[in-house]
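Colleague: Predicted model follows, preceded by the sequence.
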Amino acid sequence: MHKISIYTDGAARGNPGPGGYGIVLISGSHRKELSQGYRLTTNNRMELLSVIVALETLKHEGSEVTIYSDSRYVVDAVEQGWVFEWSRKGFKKKKNPDLWKRFLEIYSKHHIKFIWVKGHADNRENERCDELAVEASSGNNLLSDEIYEKSLEKDTGLFTE
């Protein structure tokens, strides 16, 4: 069984605002860093998306994965079992159902444990993820968080391209 440590972080400059995620994957002597920025999103979306992208990057199903995150939103939703109840109720009145559904699809393919880490507390890998996320949110190649942007436009009528 493959043992993998994943560190994740999400950032948004404004909430909503430009955002990004940063990921560090470690398995044995292998290390990979990933990041991406989005033009309009939220911090919680980026925190959750970082976990999703990290898990979708794994090549082997059934891996033993430990995810380190400073996001109580993500860690508690999984470790306290809330997301499974939200799913059972069709994510009624819950934010980010598109991402939670995507998460649950990949979550079931591995043996995953979440560990909450305090942000900005000198955890080297968490700090690196923060750097990657902030840098990505400030980059020139910002993607559209299309589902979020469409929902914002629908809900407020204020956002247009």
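Modeller: Everything's here; your move.
Colleague: just how off-centre is the least confident helix or strand in the chain by mean pLDDT within its chain?
Modeller: Lowest mean confidence among the helices and strands of the chain (mean pLDDT, DSSP states H and E): helix 146-156, at a mean of 82. Relative to the chain's own centre, helix 146-156 is displaced by 19 Å; criterion: C-alpha atoms, centre = their mean, to the nearest Å.
Colleague: Okay, buried residues for that helix please.
Modeller: 148, 149, 151, 152 (16 or more other C-beta atoms under 10 Å). For every residue, glycine as well, the C-beta is placed using N, CA and C.
Colleague: quick one: average confidence on stretch 89-100?
Modeller: Here stretch 89-100 scores 96 as its mean pLDDT.
Colleague: Adjust the sequence numbering to begin at 45 for everything that follows.
Modeller: Let's use 45 as the start, then, which means that last one is stretch 133-144.
Colleague: Send over that stretch as CSV, restricted to the C-alpha atoms.
Modeller: As requested, C-alpha coordinates have been extracted for stretch 133-144 and formatted as CSV (Å, rounded to 0.1, in the frame of the first residue of the first chain):
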residue,chain,number,x,y,z
LYS,A,133,-29.8,15.2,2.6
GLY,A,134,-28.7,16.2,-0.9
PHE,A,135,-26.6,19.1,0.3
LYS,A,136,-29.7,21.1,0.9
LYS,A,137,-28.8,24.7,2.0
LYS,A,138,-25.1,23.8,2.1
LYS,A,139,-22.4,25.8,0.4
ASN,A,140,-20.1,24.3,-2.3
PRO,A,141,-22.1,21.1,-3.1
ASP,A,142,-20.4,20.8,-6.4
LEU,A,143,-17.0,20.5,-4.7
TRP,A,144,-18.3,18.3,-1.8
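Colleague: one step back: report all helices and strands that the least confident helix or strand of the chain contacts.
Modeller: Judged by 3 or more C-beta pairs under 8 Å, 6 or more residues apart in numbering; DSSP states H and E, helix 190-200 is in contact with strand 74-85.
Colleague: From the rest of the structure, what touches the strand it packs on?
Modeller: With C-beta atoms under 8 Å, 6 or more residues apart in numbering as the test, strand 74-85 has contacts from 56, 60-69, 90, 97-98, 101, 172, 176-177, 179-183, 185-189, 192-193, 196, 203.
Colleague: got it, and stretch 87-100?
Modeller: 50, 52-56, 59, 63-67, 69, 78, 80, 82, 109, 111, 113, 115, 117-118, 139-140, 143-144, 146-147, 150-151, 153-154, 156, 173, 177, 181, 189, 192.
Colleague: Of those residues, which belong to strands?
Modeller: Judged by DSSP state E, the contacts of stretch 87-100 include 50, 52-56, 63-67, 69, 78, 80, 82, 109, 111, 113, 156 as members of strands.
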